[in-house]
Each structure stands twice: as C-alpha cells, then as structure tokens.
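Visitor: Sharing a model prediction with you, sequence too.
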Amino acid sequence: MAEVTEPGPEQQASPGTDQAVKETLEDYTLRFAPRSYRRWTPMVVATTALGGIAYMADFSIGAGIGLAHGTGNALLAILVAAVVIFVTGFPLAYYGARYNIDLDLITRGSGFGYFGSVLTSVIFASFTFIFFALEGSIMAQGLKLGLGLPLWLGYLVSTLMVIPLVIYGMSALSKLQVWTTPIWLLLMVAPLVYLVATDPGTVDRFLAYAGTDGEGGVNTAAVLLGAGVCLSLIAQIGEQIDYLRFMPPKTEANKRAWWTAVVMAGPGWVVLGALKQAIGVFLAVYILAEVGPTAAPEPIQQFKGAFDAMMPSWLVLPLAVVLVVISQIKINVTNAYSGSLAWTNSFTRVTGRYPGRMVFVLVNLAFALALMEADMFSFLNSILGFYSNCAIAWVVTVATDIGVNKYLLKLSPHAPEFRRGMLYAVNPVGVVAFAAASGLSIAMYFHALGDTLQPYSPVAAAVIAFALTPLMAVATRGKYYLRRTDDGIAEPILDADGNPSGATYECHVCRQQFERPDVAACLTHDAVVCSLCLSTDKVGDHVLPAAPAAT
C-alpha cells in the first residue's frame with residue numbers, strides 16, 4: 001500500500017506528461033476535485049457560478065410564454081417552475097459542494113450505477129449544446145442588427161469565439177465571470193428601472209396583456225405548458241455544480257459563508273432566472289406594437305427598445321450589442337466547458353479511453369452550430385418543451401434518491417460513491433424510475449395519451465420519478481447501490497468535520513498524487529489506483545472484485 005502523505009501544494013503534471021493528464025489535473029474531469037486545488041473562497045466560487053446565469057435565453061423563454069398565454073399565465077408558469085427547480089436543486093447543490101464532485105458522479109451513486117449514468121450524461125451534454133445554440137442564435141441576431149452580419153456568419157462567429165476561452169478550466173473561467181458580471185448587471189437592470197420610473201403605464205400594460213388568444217384569464221393548461229418550457233432549465237443545476245464542486249471544505253469558521261454560497265449559486269440561480277423570464281415578458285409587451293410578435297422575443301430587440309427610451313440613438317445599438325455579446329460569452333464558455341466534461345465522462349466509461357477534453361469541446365460546438373444553422377430559434381418552445389421531460393425525470397430522480405432514499409429510508413448509501421469497482425454497472429432504482437418517467441411524459445407531450453393530458457407531461461415526469469425512485473429502492477432493498485463497501489484502504493474517506501479527506505496517495509499507474517476519495521486499492525498490486533486510471537482500465541486488472549454489501 002502506498003504511504004500516506006500530508007496534503008501538499010496543487011499537483012501539476014510533470015514535464016512531458018500526456019496532454020490528457022494535464023487537462024484532468026487542471027479541471028479534474030471525471031473525478032473528485034481535491035482540496036489542494038480548491039483555493040477559492042465560497043463567495044468567489046458563488047460569483048463564478050452565478051456568472052454563467054448571464055444568458056439571454058430567459059428573456060426569450062419568458063417572452064414566448066407571455067406572448068402565447070398572457071402575462072398572468074406566464075408569471076404563474078415561471079413561479080411554478082422556479083419552485084420545482086429550487087426544491088430539486090438544493091440536495092444536488094449540497095452534495096456537489098460538500099463532496100466536491102460533479103452531477104454525473106453524484107448520479108452514479110444516487111440510483112443509476114457506474115454505466116447507468118452514461119444515459120444522463122448524454123442528456124446533460126444535450127442540454128449544454130441546445131442552450132449554446134440558443135445563446136449563439138441570440139448573439140447572431142445582435143450581430144446582424146448591430147453590424148449587418150448575415151445570420152449564418154453570426155452563428156459561426158458566436159461558436160468559434162469561445163474556443164480560446166474554454167480551453168482552460170476553472171482558473172480562467174473564474175476570472176472571466178468575476179470581471180464581466182458587474183457590467184452585465186448594469187446594462188440589464190438600468191433600462192428596466194428607467195422604464196418603470198419614467199412611465200408607470202408600462203407596468204399596467206404588462207399586467208393587462210392577455211396573450212395571442214386574447215382571453216387573459218388564468219388557465220391551468222396554459223400555466224403547465226409554460227412551466228414545461230421553463231423546466232427545461234432544470235438541468236442548469238449541473239452547470240452550477242461544475243463550479244460548486246470547487247467549494248472549500250465546510251468548517252465551523254466558514255459555515256455561514258459556505259451555506260450562503262451554496263444556496264445562492266446552487267438552487268438560488270433560479271431566482272435570477274425567474275426574474276429574467278418575467279423581465280422578458282415585460283420587455284416583449286413593451287416593444288410588441290413596434291416590432292411585432294415575431295421579433296418581440298428576441299433579446300436584442302427587447303433591449304434596443306428599452307435603451308431607446310433612455311439614451312441618445314447613436315448609443316442604443318452599440319450598448320445592446322455589447323450586452324448580448326457579454327451575456328453570450330459568459331454563458332457559452334460554461335456551456336462548452338460543462339458539455340465537454342459530460343461527453344468526455346460518457347466516452348471514457350464506455351470505451352476505456354480518455355482522448356482529452358478539447359476533443360469534446362469541438363464535438364459539442366459542432367452540435368450547437370448545426371442546431372443554429374437549422375434555425376432552432378424559430379421552434380424554440382417545442383424543443384425546450386420536449387427536452388424538459390427528460391431533464392425533469394433525471395433531476396427529480398437523483399434529488400429524490402438523496403432526499404428520500406438516503407436520508408429517510410436509508411436504503412441508499414449516505415456518502416456518494418463514484419469509483420469503478422465500488423458500484424454496480426447499472427442500478428435499477430434510478431434507471432427504471434427515469435426511463436418510466438421520461439418515457440410516459442414524452443408520450444403525453446406528443447399527444448399519445450390524448451390532447452387533454454398533453455399539458456401535464458412535465459407534471460407526470462416529476463410525479464412518476466418522485467414516486468418510483470423510493471418504490472424501486474424498497475423493491476430492490478437497496479442492494480444494487482454498492483458492489484462492495486470496502487475499497488481496500490484503511491484511511492477514512494471523510495475527515496472529522498465530514499469533509500473529504502486531504503490525505504494523499506500516489507497512483508501506481510500514472511504516478512500522480514491524488515487525495516483519499518479519488519483512489520482505491522489495486523486488485524493486482526499492493527498499491528492504489530486513481531479513479532481515472534480505473535475508468536481507463538480496459539481489461540479490469542486493477543478493479544476490485546465484487547464483495548457482499550454490509551447488512
């Protein structure tokens with residue numbers, strides 16, 4: 001067994017080390033983020049995570065719902081979705097920040113198994129390129145209006161410009177998000193405050209807007225249809241966790257700041273998101289008479305109209321374009337980064353090869369560019385409404401496993417597990433609950449169960465996932481969570497404060513130092529192996545055998 005050493009400085013790949021190793025030691029793709037790397041304060045991590053919420057899609061989503069169903073239905077839909085997103089996001093954010101792992105690693109040990117969570121990794125990767133395409137489309141609209149660029153060229157520019165930024169991991173992204181957030185907030189909030197202060201009638205017109213059907217009354221079907229579109233953003237918690245996993249250890253001294261950062265940047269992202277959606281309705285109603293219902297959901301048109309009311313005409317377009325470009329960069333570096341992690345995660349587990357994260361940055365961008373060139377913006381609500389069924393089923397299943405199966409039923413192991421050899425390949429608890437919830441809700445969405453039930457597809461996804469997850473845990477008696485309970489190392493994984501241990505070991509395969517939660521004993525050597533080397537062990541020479549779980 002390798003000797004335990006005290007936690008040291010940040011481990012760097014040695015000269016000549018393969019580029020893939022350098023990448024995984026920069027952003028800890030596929031693995032636990034060690035405390036030696038997590039040097040940011042809770043507030044810096046929170047600010048970085050919230051910087052990714054600067055996207056403009058919320059304005060379009062809110063505007064689309066409001067124009068279709070009226071302000072009253074839109075605001076209720078936004079509220080319903082926000083409550084669901086907050087409640088389900090809280091346990092996921094806590095686990096990511098407390099145990100320093102991303103949402104895929106959480107999913108593995110929360111009902112899906114080592115290979116079972118590949119399915120949800122692909123769903124999350126799809127979320128990142130769908131929303132990259134949406135933001136890229138918004139930026140292209142801004143470049144067309146401001147600079148006269150044709151849309152196809154704007155799509156290409158918005159895709160290529162993030163590549164230099166996303167090559168680097170958390171170190172570069174934290175600087176980008178912290179420095180650009182104040183400018184973004186000022187440009188977004190100032191015109192709204194000005195309009196409300198100088199023309200209170202805009203608020204009355206906004207509240208009275210009845211939608212394209214002209215009815216305006218609160219309608220359950222309209223609220224649920226709108227909430228379904230908003231709930232497509234439920235997977236955003238995965239991108240928040242990609243930052244929250246770099247939170248410092250929670251201690252008695254920092255617990256107030258730690259909890260504030262986790263709640264604010266974890267489930268709390270939806271508060272800002274819901275406000276932006278409501279602002280999107282407000283601005284769309286404000287400019288509707290001038291630009292028409294087709295252009296009103298476009299954020300560049302919304303902010304051009306708002307800036308028109310408060311500043312000289314020569315300054316309007318430049319500022320609107322600057323706002324759109326800053327927002328697009330802030331979110332799309334996150335989309336590209338998180339998407340590359342998700343694709344890499346899936347590919348490495350399935351093939352046993354780690355090709356390097358940059359390969360999948362380009363893959364993700366290629367998917368996004370194809371969606372943009374196909375003019376996804378014109379059928380935005382249909383894409384998001386369909387996608388939300390899968391996203392809801394996944395997030396609710398994992399959140400329920402943590403909240404109910406771990407804490408109430410105690411059938412799911414309390415501490416998350418993600419290492420190969422420790423988990424079963426597939427855990428029917430999460431996989432069955434997810435498959436049933438997403439499958440039935442998608443059928444409802446496409447009218448397979450009748451027109452009356454169609455608006456209720458997001459409700460079905462959430463309710464079925466919430467009910468089936470504990471039922472499957474009880475039915476299987478929790479025996480498919482852990483393949484074995486002993487990883488062959490005597491040192492505890494958690495320290496006295498319940499944080500992941502900082503004790504370090506050397507992986508005998510790659511010769512790098514890794515902290516205790518990221519290693520397990522080797523089957524064939526008196527040594528330890530890191531989680532990535534276990535993932536890339538094609539023949540299983542290092543993987544521990546199955547052992548009876550503790551009863």
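Guide: Thanks, I have the structure now.
Visitor: only C-alpha atoms for contact and neighbour calcs from this point on.
Guide: Fine.
Visitor: Just give the nearest non-adjacent residue to residue 484, would you?
Guide: residue 547 (4.7 Å; Cα to Cα, 6 or more residues apart in numbering).
Visitor: tell me the SS of that neighbour?
Guide: coil (DSSP: H, G, I helix; E, B strand; the rest coil).
Visitor: unless I'm mixing things up, it is touching residue 480, no?
Guide: No - Residue 547 is not in contact with residue 480 according to Cα atoms under 8 Å; the separation is 12.0 Å.
Visitor: What ranges does the protein have for its strands?
Guide: Applying DSSP state E to the chain gives strands spanning 504-506, 513-515, 519-521, 528-530.
Visitor: which other helices and strands contact the last one?
Guide: So that's strand 528-530. strand 504-506, strand 519-521 (3 or more Cα pairs under 8 Å, 6 or more residues apart in numbering; DSSP states H and E).
Visitor: among the ones you listed, which is the most enclosed?
Guide: strand 519-521 (a mean of 25; mean count of other Cα atoms under 10 Å).
Visitor: contacting residues around that one?
Guide: Counting by Cα atoms under 8 Å, 6 or more residues apart in numbering, strand 519-521 makes contact with 1, 419, 487-489, 505, 507, 527-531, 544, all of which sit outside it.
Visitor: can you rerun that using 10 Å?
Guide: Strand 519-521 has contacts (Cα atoms under 10 Å, 6 or more residues apart in numbering) with 1-2, 31-32, 419-422, 486-490, 493, 504-507, 513, 527-534, 542-544.
Visitor: neighbours of the residue nearest to residue 484, just the number please.
Guide: 13 (other Cα atoms under 10 Å).
Visitor: now swap in residue 165 and tell me
Guide: 17.
Visitor: any idea how far residue 339 is from the nearest residue to it once chain neighbours are set aside?
Guide: Computed as Cα to Cα, 6+ apart, the closest residue to residue 165 that is not its neighbour in sequence is residue 333, at 6.7 Å. Distance, residue 333 to residue 339, using Cα to Cα, to the nearest Å: 10 Å.
Visitor: which neighbours do those two share?
Guide: By Cα under 10 Å, 6+ apart, residue 333 and residue 339 have these common neighbours: 132, 361.
Visitor: Distance check, the residue nearest to residue 165 against residue 371.
Guide: From residue 333 over to residue 371 (counting by Cα to Cα), the distance is 17 Å.
Visitor: next one: residue 181
Guide: Relative to residue 371, residue 181 is positioned 28 Å away (Cα to Cα).
Visitor: Low-confidence ranges, the stretch 251-400 of the chain, go.
Guide: Counting by pLDDT under 70, the stretch 251-400 of the chain contains low-confidence residues at 380-381.
Visitor: in it, which spans are helices?
Guide: Under the criterion DSSP state H, counting those that start in this stretch, helices of the stretch 251-400 of the chain are mapped to 255-265, 269-291, 299-308, 313-351, 357-373, 380-400.
Visitor: Of these, which is nearest residue 235?
Guide: Among those, helix 380-400 comes nearest to residue 235, with 5.9 Å by Cα to Cα.
Visitor: I'd assumed residue 365 was in contact with residue 339.
Guide: Yes - with contacts counted by Cα atoms under 10 Å, residue 339 reaches residue 365, the gap being 9.0 Å.
Visitor: Compare the two and say which one has the larger neighbour count.
Guide: Neighbours were counted for residue 339 and for residue 365 using other Cα under 10 Å; residue 339 has more, 29 against 25.
Visitor: if I pick the more buried one, what's in contact with it?
Guide: Counting by Cα under 10 Å, 6+ apart, residue 339 makes contact with 121-122, 124-129, 132, 239, 333, 345, 357, 360-365.
Visitor: at 8 Å instead, please
Guide: Contacts of residue 339 (Cα under 8 Å, 6+ apart): 124, 125, 126, 128, 129, 360, 361, 364.
Visitor: who wins for most neighbours among the residues you listed?
Guide: residue 128 (30 neighbours).
Visitor: where does the stretch 51-200 of the chain have low pLDDT?
Guide: Using pLDDT under 70, the flagged stretches of the stretch 51-200 of the chain are 52, 166-180.
Visitor: In it, what residue spans correspond to helices?
Guide: Taking DSSP H, counting those that start in this stretch to define them, one finds helices in the stretch 51-200 of the chain at 57-69, 71-99, 103-107, 118-147, 151-160, 163-166, 170-198.
Visitor: who does the third one touch, helix- and strand-wise?
Guide: Helices and strands in packing contact with helix 103-107 are listed as helix 71-99, helix 236-244; criterion 3+ Cα pairs under 8 Å, 6+ apart.
Visitor: Those into a markdown table, with extra columns for distance to residue 230 and mean neighbour count?
Guide: Shown next, in a markdown table, are these (distance: least, Cα to Cα, whole Å; neighbours: other Cα atoms under 10 Å):
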| stretch | distance to residue 230 | mean neighbour count |
| --- | --- | --- |
| helix 71-99 | 6 | 23 |
| helix 236-244 | 11 | 27 |
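Visitor: In CSV: the ones you listed, plus distance to residue 50.
Guide: Converted to CSV, the helices and strands packed on helix 103-107 look like this (distance: least, Cα to Cα, whole Å):
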stretch, distance to residue 50
helix 71-99, 13
helix 236-244, 8
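Visitor: wait, which of these is closest to residue 395?
Guide: Of these, nearest to residue 395 by Cα to Cα is helix 71-99, at 6.8 Å.
Visitor: Check which helices and strands that closest one is in contact with.
Guide: Counting contacts by 3+ Cα pairs under 8 Å, 6+ apart, helix 71-99 packs against helix 57-69, helix 103-107, helix 201-208, helix 220-230, helix 236-244, helix 255-265, helix 269-291, helix 380-400.
Visitor: Which positions in stretch 533-547 come out as buried?
Guide: Across stretch 533-547, burial judged by 16 or more other Cα atoms under 10 Å covers 533, 534, 535, 536, 537, 542, 543, 544.
Visitor: Let me know the average pLDDT across that stretch.
Guide: Stretch 533-547 shows an average pLDDT of 89 in the prediction.
Visitor: Just the C-alpha atoms of that stretch, please, in PDB.
Guide: Provided in PDB are the C-alpha atoms of stretch 533-547 (Å, rounded to 0.1, in the frame of the first residue of the first chain):
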ATOM      1  CA  CYS A 533      -6.900   5.000 -14.300                       C
ATOM      2  CA  LEU A 534      -9.700   2.700 -13.100                       C
ATOM      3  CA  SER A 535     -12.000   4.100 -15.700                       C
ATOM      4  CA  THR A 536      -9.400   3.600 -18.500                       C
ATOM      5  CA  ASP A 537      -8.500   0.000 -17.300                       C
ATOM      6  CA  LYS A 538      -9.900  -1.900 -20.300                       C
ATOM      7  CA  VAL A 539      -9.200  -5.400 -19.000                       C
ATOM      8  CA  GLY A 540     -10.000  -4.700 -15.400                       C
ATOM      9  CA  ASP A 541      -6.600  -5.600 -14.000                       C
ATOM     10  CA  HIS A 542      -6.900  -3.000 -11.200                       C
ATOM     11  CA  VAL A 543     -10.600  -3.200 -10.500                       C
ATOM     12  CA  LEU A 544     -11.500  -4.700  -7.100                       C
ATOM     13  CA  PRO A 545     -13.900  -7.700  -7.300                       C
ATOM     14  CA  ALA A 546     -17.500  -7.600  -6.000                       C
ATOM     15  CA  ALA A 547     -18.000  -8.300  -2.300                       C
END
